[in-house]
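Student: from the sequence below, what's the structure:
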Amino acid sequence: MDESSLLDLLECSVCLERLDTTAKVLPCQHTFCRRCLENIVSSRNELRCPECRILVDCGVDDLPANILL
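Tutor: Residues are numbered from 1 along each chain as shown. Take a look at the predicted model:
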C-alpha cells in the first residue's frame, strides 16, 4: 500500500480532514470525525453511516473511539 492510500484511510470521508483522537467508529466499522457525526445528527435527527447508510441506534457520545489513531 502506498503512502497516498494510507493517508486516505486517515481522512474523514465527509469533511476530508485528517482524523484525530476524537474520531468515532460506527457499528459498521466505518470511522468519521466526531464533529461530522454530530452535524449529521443535528441536521437529520438520526445517525446513518455516510458510507453504507446503516442506521446507528446510539448517540455519538456512546460510540467507541478509534483506538488505532
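Student: next, the contact list for the residue nearest to residue 32 when sequence neighbours are not counted, please.
Tutor: Closest residue to residue 32 in three dimensions, ignoring its sequence neighbours and counting by CB to CB, 6 or more residues apart in numbering: residue 12, at 5.2 Å. The way it works is simple: take the backbone N, C-alpha and C, and place the C-beta from them, glycine included. Contacts for residue 12 were tallied using CB atoms under 8 Å, 6 or more residues apart in numbering; they are 18, 19, 23, 31, 32, 33, 36.
Student: now residue 39: how far from residue 60?
Tutor: When distances are taken as CB to CB, to the nearest Å, residue 39 and residue 60 turn out to be 10 Å apart.
Student: quick one: which of the contacts of residue 12 sit in helices?
Tutor: Filtering those for membership in helices, criterion DSSP state H, returns residue 36.
Student: tabulate the contacts of residue 12 (JSON lines), appending neighbour count and pLDDT.
Tutor: Converted to JSON lines, the contacts of residue 12 look like this (neighbours: other CB atoms under 10 Å; pLDDT from 0 to 100):
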{"residue": "18", "neighbour count": "12", "pLDDT": "95"}
{"residue": "19", "neighbour count": "20", "pLDDT": "95"}
{"residue": "23", "neighbour count": "22", "pLDDT": "97"}
{"residue": "31", "neighbour count": "23", "pLDDT": "97"}
{"residue": "32", "neighbour count": "24", "pLDDT": "97"}
{"residue": "33", "neighbour count": "21", "pLDDT": "97"}
{"residue": "36", "neighbour count": "19", "pLDDT": "98"}
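Student: out of the contacts of residue 12, the closest to residue 53 would be?
Tutor: The shortest approach to residue 53 among the contacts of residue 12 belongs to residue 32, at 13.3 Å (CB to CB).
Student: where in this structure is pLDDT low?
Tutor: 1-8, 69 (pLDDT under 70).
Student: residue boundaries of the helices in it?
Tutor: Across the chain, reading from the start of the chain, the helices by DSSP H fall at 3-9, 34-44.
Student: nearest residue to the middle of this protein?
Tutor: Here the mean C-alpha position of the chain is nearest to the C-alpha of residue 32 (CA atoms, centre = their mean), at a distance of 1.5 Å.
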